[in-house]
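**Student:** Predicted model and sequence below, questions to follow.
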Amino acid sequence: MTNEVTVPLLPCASIDDIVTFYEVLGFHTTYQQRKPNPYVALRRDDLHLHFFEMAGFDPEQSYGSCLVLTSDIAELHRAFAAGMRTAYGKVLVSGTPRMTRPRARRNYDGVGGFSVIDPGGNWIRVVQNVAETPAAATVPPGRLAKALANAVVQGDSRGDVQQAIRILDSALARPQPDDDPVAQVEVLVYRAELAMVLRDQETARQLLARAEAVVLSADETRRAAPTFEAAADLSAAMR
């Protein structure tokens, strides 16, 4: 048989909060009930997510998660970010809900991905569909790039922000003459993002200032442009 569809059912503390948040991302409600149990079905094009409300549920303790495979993670991230900017005036990068930015995942063969952490504490993990895209590139050489790849596994995939910070701080504490300046910018901006997750805005500001101060050639500036866009979102989130 073919054409089967699997739809995740995820827990939350309030289906009203879920609906409000996902509408910002471009979803609409296809079904909702209050009795006998609060339940809502949401859809955005071919993406379906269903949620059930649990009394006393703590989103910070949630293990809810699912994978979303797409042929264009960058476009979906841009659409979600645009919705957040319209609704909140910024991309949500700290607290619950929030969204990470697209990065290659070493623990997923280098395939790019990002995560949406919704009001229920569920991790909606958006990853590139390898069946529809070319083979993923390997991790770039260099100690900073490797440190970043390891930190992304901890911070973005496992949600272990403290371990990701330890990896990045260790790499930043030992600068080398042959460090790639673009990788340095990427490490500093990701470290700033992790500081924002912990609501440490002062550290985030300092790290973003260090990223801005990195001397780049014209080609390196072009390569670093997406990272500086992420830095701008972080700066906006602190206003």
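**Tutor:** Alright, I've got the coordinates. Predicted, not measured: the structure shown is a model, and the values here were computed from it.
**Student:** Contact partners for the most centrally placed residue in the chain?
**Tutor:** Nearest residue to the geometric centre of the chain (CA atoms, centre = their mean): T100, 1.7 Å. By CB atoms under 8 Å, 6 or more residues apart in numbering, T100 lies in contact with V93, F114, S115, D156, E193. All C-beta atoms are positioned from the backbone trio N, CA, C, and that covers glycine.
**Student:** Could you report the separation of it from G155?
**Tutor:** Per CB to CB, to the nearest Å, T100 is found 8 Å from G155.
**Student:** And G121, by the same measure?
**Tutor:** 16 Å.
**Student:** same deal with V187?
**Tutor:** Counting by CB to CB, the gap from V187 to G155 is 12 Å.
**Student:** where does the chain have low pLDDT?
**Tutor:** 1, 106-110, 132-140 (pLDDT under 70).
**Student:** what ranges do the helices span in it?
**Tutor:** Along the chain, counting by DSSP state H, helices occupy 15-24, 73-88, 143-152, 161-172, 181-197, 201-213, 218-237.
**Student:** So which elements touch the third one?
**Tutor:** So that's helix 143-152. strand 103-105, helix 161-172, helix 181-197 (3 or more CB pairs under 8 Å, 6 or more residues apart in numbering; DSSP states H and E).
**Student:** can you redo those as TSV with mean neighbour count?
**Tutor:** TSV is the format used below for those (neighbours: other CB atoms under 10 Å):
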stretch	mean neighbour count
strand 103-105	21
helix 161-172	18
helix 181-197	24
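**Student:** Out of these, flag the one nearest A81.
**Tutor:** helix 181-197 (13.6 Å; CB to CB).
**Student:** Just list the residues touching T96, thanks.
**Tutor:** P59, E60, I117, D118, P119, G121.
**Student:** what do you get if the cut-off is 7 Å, keeping everything else the same?
**Tutor:** P59, I117, P119, G121 (CB atoms under 7 Å, 6 or more residues apart in numbering).
**Student:** Relative to R78, how far out is the closest residue to L207 other than its chain neighbours?
**Tutor:** Leaving aside its sequence neighbours, L207 sits nearest to A192 (CB to CB, 6 or more residues apart in numbering; 3.9 Å). Distance of A192 to R78, given as CB to CB: 21 Å.
**Student:** next one: L69
**Tutor:** Taking CB to CB, one finds L69 at 18 Å from R78.
**Student:** try M238
**Tutor:** 21 Å.
**Student:** what about stretch 171-184, how long is it end to end?
**Tutor:** End-to-end distance of stretch 171-184 (CA to CA, to the nearest Å): 10 Å.
**Student:** related to what we said a few turns ago, comparing M238 and R78, which residue is more hemmed in?
**Tutor:** Just comparing M238 and R78: by other CB atoms under 10 Å the higher neighbour count belongs to M238, 15 against 12.
**Student:** which residues touch V93?
**Tutor:** So V93 contacts E193, M196, D233, L234, A237 (CB under 7 Å, 6+ apart).
**Student:** isn't the fourth one right next to M196, touching?
**Tutor:** The reference is to L234. Yes. Between L234 and M196 a contact is recorded at 5.9 Å, counting by CB atoms under 7 Å.
**Student:** shared neighbours of these two, anything?
**Tutor:** V93, A204.
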